[in-house]
Each structure stands twice: as C-alpha cells, then as structure tokens.
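*Asks:* I would like the atomic coordinates for the input below:
(one chain, ligands or ions: 1)
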Amino acid sequence: MEVVILPTQAAIASAAADCIEALVGTTPTAVLGLATGSSPLELYNELAERFRAGRVKFAQARAFMLDEYVGLSASHPERYRNVIEREVGARLDFAPGAIQGPNGLADDLPAACRAYEQAIKDAGGVDLQILGIGSDGHIAFNEPGSSLASRTRIKTLTPQTIADNARFFGGDPAQVPRHVLTQGLGTIMEAHHLVLMALGRGKAEAVHHMVEGGVSAMWPASILQFHPHATVLLDDAAAARLQLAPYYRHAYAGKPAWQGL
Ligand code: GLP
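*Replies:* Below is the predicted model:
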C-alpha cells in the first residue's frame, strides 16, 4: 500500500486524475471503477476540466459503479446511477451504455447481482478502481462484518452510514434507504489498481485501521493491505492518526518522478 499525504483536496484530486490520465492515455479501452460519495467529486471536476482541455478521452473506455441504493425511484436525484450520470456521464465522452451500475430496482436482486459480476468479468475486469472510505471503515457499501471474500450482493446499511448519508437526503435519516447492492470486497480486490481518497478528521480512525491495523472484517477497508497495488491519497486531517505518517511523507518526497503512482 502506498500512502500519500497531500496538503489540499485539489492536490488529491489532481494525483488521482494523473493516474486516470496515464491509464486512458496508454489504454483508451480501459475499464474504470467509479465511486460515489463526496470524496471523489473534486476528482470528477478535475477530469471534466482535463477533458475540456483535450487531455483525456473516454470514448472507448468503460466504467462500473461500486454500489447502488435499493428501491430509490429511477428519477431520484440521489440514486447513484443518477449521481454518476450528473458528475461523470454528462461531463465526459463515455459512449452511451458504457457506464454500468448494479440495478437496485430489479425484481430479482440476487439475479441482478450475479449479472453485474458477469458484466465486470465480460469487460475483462476493472483496471483502476476509485474508492472512498466510510467513517466506519466501509468501502463501497461493505459494512463492518462483510466477508473479506464477498461478491456483489445485497447489504443492510449500519445506523452510522445511514446517519452519515442523511446529508444527501435533506438531513433526514428516515429518507436513506436501508438496503443497497454493492460490489463485494472480493470483487473490488480484483481491480488492478485501487486509488482510495479520504479527507477530513472524520475519516482518521477508519484510515488508521485500514492502513496500520490488523486485517479484519470489522474494518473492511483493511483488506487493501492484501492488494498488490493500492494507492491511498489522504489530507493531513485524514492522516492524523497514522503512526508512520513521517515515513510516508519522507518516502513520497523522495520518490523518483518516473515512478508514478
Ligand atoms: C458512501 C459510499 C462509499 C463512499 C463512502 C464515503 O456510503 N457508498 O462508496 O466511499 O460512503 O462517502 P464520502 O466520500 O461522502 O465521505
């Protein structure tokens, strides 16, 4: 795991955008993994800017979303499909149908989960997966207790995540769906490169367990310790509880420019 502590959200977004720009530059047919939540929003702004400037193209690329609420209506603004369409689809040049997500409105949810796993497999897997982290250590919607080998499936949100996400639902936890479909930890771990972004003091405990704690289903993001290419981009506040922060800063400051992330 490479931990990179950067001074601003803009610097974090720019570093993540550099990874994507390099990937689609060499592999225009790349498969990206897209995350929702507030952490990647600045990255999506940065990609939109680079697209306008002609630096990146996604016309041949494809993308898979991490997760989706169950039961939000097709037109609900917080349905993740709609969030990603607003933030990514409408601003970049992905071909129609090139961005896929789990179908939280399917009559048969287990079948929708199986179909989603198959679609990722048929696309050849995810090359670069963008991730955020929940304050309880979840990635995608893999809440504490999730199997470290899990695949796309239905999950029940924790009261903590419902409270955290209420801000997207007018501050009312009662409006947050209880159930979600999410790629499993096993699914996410098959992506070739994981780029996780975490911002703010509220993430410091989860980041501490993810990076320096024991690998445990209690802190699902800790599974990243087993990934051969995981890049963790943090601001100072999110890195506040890392014991080896001075070492991570030292290593990044001395990193040869040719090496990339
Ligand atoms: C949400 C999403 C995750 C996201 C996390 C953190 O519930 N399902 O993919 O990483 O919570 O969100 P934020 O970036 O808004 O803090």
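*Asks:* List the buried residues of the least confident helix or strand in the chain by mean pLDDT.
*Replies:* The least trusted helix or strand in the chain, going by mean pLDDT, DSSP states H and E, turns out to be helix 159-165, with a mean of 93. The neighbour-count check on helix 159-165 (16 or more other Cβ atoms under 10 Å) flags 161-162, 164-165 as buried. Where C-beta positions appear, they are placed from N, C-alpha and C, glycine not excepted.
*Asks:* what's that helix in contact with?
*Replies:* 134-136, 138, 141, 143, 157, 173, 176, 178 (Cβ atoms under 8 Å, 6 or more residues apart in numbering).
*Asks:* among the residues you listed, which are in reach of the ligand?
*Replies:* Residues shared between the contacts of helix 159-165 and the neighbourhood of the ligand are 134, 141 [Cβ under 6 Å from any ligand atom].
*Asks:* Compare the contacts of helix 159-165 and tell me which is most surrounded.
*Replies:* The residue in these with the most neighbours, by other Cβ atoms under 10 Å, is residue 141 (28 neighbours).
*Asks:* quick one, what contacts that residue?
*Replies:* By Cβ under 8 Å, 6+ apart, the contact set of residue 141 is 66-67, 155, 157, 161, 180-182.
*Asks:* Just the closest residue of the stretch 101-250 of the chain to the ligand, please.
*Replies:* Closest contact between the stretch 101-250 of the chain and the ligand, by Cβ to the nearest ligand atom, is at residue 132 (2.5 Å).
*Asks:* Redo the buried residues of helix 159-165 as CSV? Include distance to residue 201.
*Replies:* Formatted as CSV, those follow (distance: Cβ to Cβ, whole Å):
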residue, distance to residue 201
161, 18
162, 21
164, 14
165, 18
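*Asks:* what's the most distant pair in those residues?
*Replies:* For the buried residues of helix 159-165, the farthest-apart pair by Cβ to Cβ is 162 and 164; their separation is 7.4 Å.
*Asks:* on that earlier part again, in a markdown table, list the contacts of residue 141 along with secondary structure.
*Replies:* Shown next, in a markdown table, are those (DSSP: H, G, I helix; E, B strand; the rest coil):
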| residue | secondary structure |
| --- | --- |
| 66 | coil |
| 67 | strand |
| 155 | strand |
| 157 | coil |
| 161 | helix |
| 180 | strand |
| 181 | strand |
| 182 | strand |
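*Asks:* pLDDT at the residue of the stretch 101-250 of the chain closest to the ligand, what is it?
*Replies:* For residue 132, the model assigns a pLDDT of 98.
*Asks:* Same check on residue 199?
*Replies:* 98.
*Asks:* Tell me who's in contact with the residue nearest the centre of the chain.
*Replies:* Nearest to the mean C-alpha position of the chain, counting by Cα atoms, centre = their mean, stands residue 131 at 2.1 Å. Applying Cβ under 8 Å, 6+ apart to residue 131 gives the contacts 33, 35, 66, 139-140, 188, 194-197, 221.
*Asks:* same thing with residue 146?
*Replies:* With the criterion set at Cβ under 8 Å, 6+ apart, residue 146 makes contact with 138, 155, 184-185, 217, 220.
*Asks:* again, only this time at 10 Å
*Replies:* Counting by Cβ atoms under 10 Å, 6 or more residues apart in numbering, residue 146 touches 137-140, 153, 155, 182, 184-186, 217-218, 220, 223.
*Asks:* measure it to residue 134 for me?
*Replies:* 11 Å (Cβ to Cβ, to the nearest Å).
*Asks:* any shared contact partners between those two?
*Replies:* 140, 220.
*Asks:* hmm, back to that, count of neighbours near the residue of the stretch 101-250 of the chain closest to the ligand?
*Replies:* Residue 132: 21 neighbours (other Cβ under 10 Å).
*Asks:* Then residue 25?
*Replies:* Neighbours around residue 25, by other Cβ under 10 Å: 12.
*Asks:* mind checking pLDDT for it?
*Replies:* 98.
*Asks:* Please apply the same query to the one 3 residues further on.
*Replies:* Note on residue 28: pLDDT of 98.
*Asks:* Contacts only, for it.
*Replies:* Residue 28 makes contact with 56-61, according to Cβ under 10 Å, 6+ apart.
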